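Asker: pasting the structure only:
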RNA sequence: GUCCCCAUCGUCUAGCCAGGUCCAGGACACAGGCCUUUCACGCCUGCGACAGGGGUUCAAAUCCCCUUGGGGACGCCA
């Protein structure tokens, strides 16, 4: 197979946000095209005017961009390509491969139901097939599918798949309102855009023979198919909204890195030996449809979280600073000193699984007044440490250098003089400076905050201890 | 109901196509430990699976059949 002319596409319908199942399909198509030096097309399938929306289209484009899945052509909008579809339908009609059907939707529905009740497959009975009917208000156009024989294709993931043509019925290709149906539009577009590989979800396996029949009727070359297994929720049913976060943008907003999501998605269904993490370049190089599994999988959100934590740790500080700013603004910090942020980021890296975590961890650098966590306040900001904090503050105010080493040295001496262990003072000090019981190393925290702020916060904490005491005794 | 697809630890999976090197490997999660000023990171250890039954074979997680289980599709939605 020539790799020069490979064309893949991702055709979401803009009836909702881009979910992770769709994103994975897009990723596979993208990887395949990139690896083969082919073309990746984005097509918006918006023929259902009722359910399609501009907003959903924007959300999809935004998701794709955020993930970094760039397309070489498009986005094409099916709603603007009706001429193409009509030409294909007319051709089919002329060749006698399609015919008008005058059955009403109500009658069809009724027949479907009774077929189901009899335990038969609810398919069209073909009663208009040989009537030679013409166009008429309310008429649809159906494809004349073979009555016998079978349709077979070699799926790049699942292997050979065969359907008996008796299972298939004469599907509608043009609605009574003149618009093309999904199957026709997809095939027409894929022919028109020279798509060579259709990589899509498992749920389309049953659609494939129908679409192949359209290609055959049109005497067009049939593309290669690769049906990737579905993503299931923890209850093993098809992933949907009720399973919680499923939209790509939701993951962005929860502080995930696109690379982490991509990595998690690609490993759901595809593997490369024992390797778990891949750079984008590696993926492009190593991806292969042959190693995509056949079984549906449950999305493992915990693994994504772990992946995200690792990618955060490996990200350059400056990149994290940029990524963090929107999250900090979202927490109410408008003016952010990015130099200061740059100094905390390395401290926060090993402690943050998401950018949201990291923004939370960086709070102490930017808040005007420390908000004490209830538990830390109660446990560590107690009257018995007030004196010690005062002594410490006075000692710290004498320091001419305020970096990690100078602080450690000063503390060693201070602990020695007072006959205490670091443990004794570290936690109260941590709460005083950050409001939390968990933070980066205490010397690092002080160095980041700077001498003035440290002294100020200790003073505030001592005052706070006094306030608490007064409240208690006055009661 | 009919058709299509699928089946290895709780989850994602390696191994299967070319049977022996697999009393089944890795990762996440979980449990225990080490490190330690807190929380993490890191390191070590542990727990844990070939759905069941028949065949084929000297030998089956690997090949075949059946059963069971799961998913999907059966629209003038995509």
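Answerer: Structure's in. What do you need? In this text the structure is predicted, and so the values were computed from the model without any measurement.
Asker: quick one: end-to-end length of stretch A:210-230, please.
Answerer: 20 Å (CA to CA, to the nearest Å).
Asker: buried ones in it, by neighbour count?
Answerer: A:210-214, A:217-218, A:222-230 (16 or more other CB atoms under 10 Å). For the C-beta atoms, the positions are set from N, CA and C on the backbone; glycine is no exception.
Asker: same check on stretch A:281-300?
Answerer: A:283, A:284, A:286, A:287, A:289, A:292, A:296, A:299.
Asker: of those residues, which pair is most distant in space?
Answerer: A:284 and A:296 (25.3 Å; CB to CB).
Asker: tell me what the helix ranked longest in chain A is packed against?
Answerer: Counting residues, the longest helix in chain A under DSSP state H turns out to be helix A:451-474. Contacts defined by 3 or more CB pairs under 8 Å, 6 or more residues apart in numbering; DSSP states H and E place helix A:451-474 against helix A:383-397, helix A:422-434.
Asker: got the angle for the very next helix or strand once past the last one vs helix A:383-397?
Answerer: To tie it back to what came earlier, the one meant is helix A:422-434. Following helix A:422-434 in sequence order, the next helix or strand is helix A:442-449 (DSSP states H and E). Relative orientation of helix A:442-449 versus helix A:383-397 (axes from the mean of the first three to the mean of the last three CA atoms, to 10 degrees): 60 degrees.
Asker: could you give the angle of helix A:442-449 to helix A:451-474?
Answerer: Going by the same axes, to 10 degrees, helix A:442-449 makes 110 degrees with helix A:451-474.
Asker: output the contacting helices and strands for helix A:442-449.
Answerer: Helix A:442-449 packs on helix A:338-348, helix A:355-366, helix A:404-418, helix A:422-434, going by 3+ CB pairs under 8 Å, 6+ apart.
Asker: whatever helix or strand residue A:285 lives in near RNA strand B anywhere?
Answerer: Using DSSP H and E, residue A:285 sits within helix A:280-286. No. Between helix A:280-286 and RNA strand B, judged by CB under 7 Å from any atom of the strand, nothing touches; the nearest distance is 12.4 Å.
Asker: what is the subsequent helix or strand relative to that helix?
Answerer: strand A:297-298.
Asker: contacts for whichever helix or strand comes after that following strand next, please.
Answerer: Using DSSP H and E, the next helix or strand after strand A:297-298 towards the C-terminus is helix A:301-314. When contacts are defined by CB atoms under 8 Å, 6 or more residues apart in numbering, helix A:301-314 is touched by residues A:245, A:251, A:255-257, A:259-261, A:263-264, A:267, A:276-277, A:320, A:349-350, A:352-355, A:358.
Asker: cool, and stretch A:114-121?
Answerer: A:122, A:123, A:167.
Asker: tell me the SS of the second one?
Answerer: The one in question is residue A:123. coil (DSSP: H, G, I helix; E, B strand; the rest coil).
Asker: when you check RNA strand B, which of the contacts of stretch A:114-121 turn up near it?
Answerer: A:122, A:123, A:167.
Asker: format those residues as CSV; extra columns: pLDDT.
Answerer: Formatted as CSV, those follow (pLDDT from 0 to 100):
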residue, pLDDT
A:122, 85
A:123, 87
A:167, 89
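Asker: which single one of the buried residues of stretch A:281-300 is nearest to residue A:137?
Answerer: residue A:296 (43.9 Å).
Asker: helices - which of the buried residues of stretch A:210-230 land there?
Answerer: Using DSSP H, the buried residues of stretch A:210-230 in helices are A:210, A:211, A:212, A:213, A:214, A:217, A:218.
Asker: as JSON lines, the buried residues of stretch A:281-300 with pLDDT would be great.
Answerer: Listed next are the buried residues of stretch A:281-300 as JSON lines, based on pLDDT from 0 to 100:
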{"residue": "A:283", "pLDDT": "96"}
{"residue": "A:284", "pLDDT": "97"}
{"residue": "A:286", "pLDDT": "96"}
{"residue": "A:287", "pLDDT": "96"}
{"residue": "A:289", "pLDDT": "95"}
{"residue": "A:292", "pLDDT": "96"}
{"residue": "A:296", "pLDDT": "92"}
{"residue": "A:299", "pLDDT": "91"}
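Asker: residue A:368: which of those is nearest?
Answerer: The closest of the buried residues of stretch A:281-300, once distances to residue A:368 are taken by CB to CB, is residue A:299, at 40.9 Å.
Asker: check which helix or strand covers the nearest residue to residue A:122 once chain neighbours are set aside.
Answerer: Distances taken as CB to CB, 6 or more residues apart in numbering put residue A:112 closest to residue A:122, at 4.0 Å, once the chain neighbours are dropped. Assigned by DSSP H and E, residue A:112 belongs to helix A:105-117.
Asker: list the buried residues for that helix?
Answerer: A:108, A:111, A:112.
Asker: how about that helix, does it reach RNA strand B?
Answerer: Yes. Residues of helix A:105-117 contacting RNA strand B under CB under 7 Å from any atom of the strand: A:105, A:108, A:112, A:116.
Asker: next SSE downstream of that helix?
Answerer: As assigned by DSSP H and E, the chain's next helix or strand after helix A:105-117 is strand A:140-143.
Asker: list the helices and strands that next one packs on?
Answerer: Strand A:140-143 packs on helix A:82-94, strand A:98-101, strand A:172-174, helix A:208-218, going by 3+ CB pairs under 8 Å, 6+ apart.
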